[in-house]
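Engineer: Would you be able to build a 3D model of this:
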Amino acid sequence: MSVLRAFRVGVVGAGRSRNGVGEHLARFLHAAGTRVVAVAGSSADSAARAAQALAERHGIDARPYDHVPRMIEDARLDALVIASPDATHGPCLRQALAAGVHALCEKPLLALEGEFVAEGERLVAAFAERGLCLAVNAQWRFALATYLLLFPDVEPRAARSFAMAMAPPATGREMIASAMPHPLSLLDHLFPDAPSGLRDVRVEQPSPERARVTFTHPGRGGIACDVRLATSMAPPRPASLAFDGHAAARVIREPGYRFALRTEEGGGREVPLPDPMETLVKRFVATVRKGPPFPPDPAIVPGLRHLHDLLDRWP
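Structural biologist: Residues are numbered from 1 along each chain as shown. Modelled structure (predicted):
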């Protein structure tokens, strides 16, 4: 693929019926210079509404489809973005693979049921073997550079503890799929060669809307991790992360829905945070433009294994 080519992208799930992630991914792809030429929905009507919204809000001229394989073929796609419900991820990924197109998939890579770890291993290997890029939209690792502006003396790879707080739009067991890929992806990218398997997993869930997940991540001999979840159905949703007790909270400023990281240490210092999802999309676009080889993302399969570890301990 030519570095200068504005490659063609189709988005599955670009509507706002749930969290609007598909629309955000579409506009970030458009801003990165790709051609978002098609959208697919669960019905012809939902696809048409999504296409109209992209045109009106972001100037994206995308043709609507209600059938993903037809969209991939008719629109001559180079890449497929999957932002539809979890249960559709596997079928869409297999369709992208069969058609020979790159894929950017919302987290988790697959619905957390059946033999999802083994299926994920097969998909990751198959995309790499076909010379295709496969990425997962778990973007919090791209907040680390900004975090280090607040805490330049902190070395995440040498930390003994890690904590994160999130407000997923889910309750109960569904919080695993909605929220836990974020801390796991961040940790698995920091420690790509760590042995598999979380240790000392414990889940406390005093109510369907709240949970605390503690575990030891195997990176660098073991990092004590503490993740706190509190359901929030409406954005903006609070979030924070900390290494060795040095905590930074994400704040959102209006107008413009601008992100920043803020700490209460030192009088509440604050630095702007480039949207991590937009950074991830730019990285995906740059990787595809650069061309093969596309080695597997080293965090995808360990992340699926860790999610399986959590499912085994969830009440």
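Engineer: How much space separates the closest residue to A103 other than its chain neighbours from D226?
Structural biologist: Nearest in space to A103, with sequence neighbours left out and distances taken as CB to CB, 6 or more residues apart in numbering, is A96 at 4.4 Å. (Glycine included, C-beta is placed from N, CA and C.) The gap separating A96 from D226 is 36 Å, by CB to CB, to the nearest Å.
Engineer: And those two? Which one has more around it.
Structural biologist: Between A96 and D226, A96 has the larger neighbour count (other CB atoms under 10 Å), namely 28 against 16.
Engineer: Point out where the stretch 1-150 of the chain drops to low pLDDT.
Structural biologist: Residues of the stretch 1-150 of the chain meeting the criterion pLDDT under 70: 1-5, 16-20.
Engineer: Wait, L29 touches K282, no?
Structural biologist: No - L29 is beyond contact range of K282, at 9.3 Å (criterion: CB atoms under 8 Å).
Engineer: Could you check which of the two is surrounded by more residues?
Structural biologist: L29 (24 against 18).
Engineer: Identify the residues contacting that one.
Structural biologist: 9, 11, 36, 81, 281, 285 (CB atoms under 8 Å, 6 or more residues apart in numbering).
Engineer: do you know how far it is from R35?
Structural biologist: 9 Å.
Engineer: what residues are shared contacts of those two?
Structural biologist: Joint contacts of L29 and R35 (CB under 8 Å, 6+ apart) are V9.
Engineer: Grab the two from the contacts of L29 that are most spread out in space.
Structural biologist: Largest separation among these by CB to CB: V11 and V285, giving 13.7 Å.
Engineer: what about these two, which has more around it?
Structural biologist: V11 (31 against 23).
Engineer: G22 is in contact with that one, correct?
Structural biologist: Yes - look at V11 against G22 with CB under 8 Å: they come within range, at 5.5 Å.
Engineer: what touches both of these two?
Structural biologist: 39, 50, 81, 83.
Engineer: now, the most widely separated pair of those?
Structural biologist: Of all pairs in the shared contacts of V11 and G22, the most separated under CB to CB is A50 and V81 at 12.3 Å.
Engineer: where do the contact lists of these two overlap?
Structural biologist: Common neighbours of A50 and V81 (CB under 8 Å, 6+ apart) are 11, 22.
Engineer: Between these two, which has more neighbouring residues?
Structural biologist: The residue with more neighbours, out of A50 and V81, is V81; 33 against 25, by other CB under 10 Å.
Engineer: Helix, strand or coil: sort out the more buried one for me.
Structural biologist: When classified by DSSP: H, G, I helix; E, B strand; the rest coil, V81 comes out as strand.
Engineer: Repeat that for V213.
Structural biologist: With three-state DSSP as the criterion, V213 reads strand.
Engineer: Could you number the chain from 4 rather than 1 from now on?
Structural biologist: Let's use 4 as the start, then, which means that last one is V216.
Engineer: Quick check: it touching V230?
Structural biologist: Yes - the pair V216 / V230 is scored as a contact, 4.5 Å apart, by CB under 8 Å.
Engineer: which residue ranges form the strands in the stretch 104-253 of the chain?
Structural biologist: For the stretch 104-253 of the chain, strands defined by DSSP state E, counting those that start in this stretch occupy the ranges 105-109, 137-140, 164-169, 202-210, 213-220, 226-233, 242-246, 249-256.
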